[in-house]
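*Asks:* Could you look at this predicted model? Sequence included:
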Amino acid sequence: MILLHNNVWVYRNLRTHCWSVKRAGRVVMYAQSLLITSPQFVVWKKVVEKIRNDKRKTPCAYVRGNILDIDMGPNEFDLGEWSQVKFNPYHNTDFMMNNKPIGFGSACLMIYPNVYVKVK
């Protein structure tokens, strides 16, 4: 297994309609699809509170992990093996899978604008 980028933070970029990938605090790339290993779903609660108060969007939810693949074709994965993960700062303070909070997974498939996870 060759990792393309270790220890990245990925968020949904609403301006460019893709995923922004940060490493060491700087955006290093943009992608339409990503495969992340050892994902951790991180939400900055103070930023969520600010979004709710100001009604202004800003990055507050990230998938942290290691990139294994970038910009895969749309048919490379059978989504039946994956569960969709959602985040809405106006309704939740955590990423949600099947209406339950999720913090980790074994793999994360990000196909803009959707996020899927394997929890095995």
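*Replies:* Perfect, thanks for sending it. Numbers count the residues shown, from 1 in each chain.
*Asks:* Next up, the contacts around D94.
*Replies:* By C-beta atoms under 8 Å, 6 or more residues apart in numbering, D94 lies in contact with F41, V43, F87, P101, I102, G103. To be clear about C-beta, it is placed using only N, CA and C from the backbone, and glycine gets the same treatment.
*Asks:* Shouldn't Q84 be within a helix?
*Replies:* No. With DSSP: H, G, I helix; E, B strand; the rest coil as the criterion, Q84 is strand rather than part of a helix.
*Asks:* Report the beta-bridge partners for the nearest residue to it once chain neighbours are set aside.
*Replies:* If the residues on either side of it in the chain are set aside, Q84 comes closest to Y116, at 5.6 Å by C-beta to C-beta, 6 or more residues apart in numbering. Beta-bridge pairing of Y116 under DSSP bridges involves Q84, L109.
*Asks:* give me the number of residues near Y30?
*Replies:* 15 (other C-beta atoms under 10 Å).
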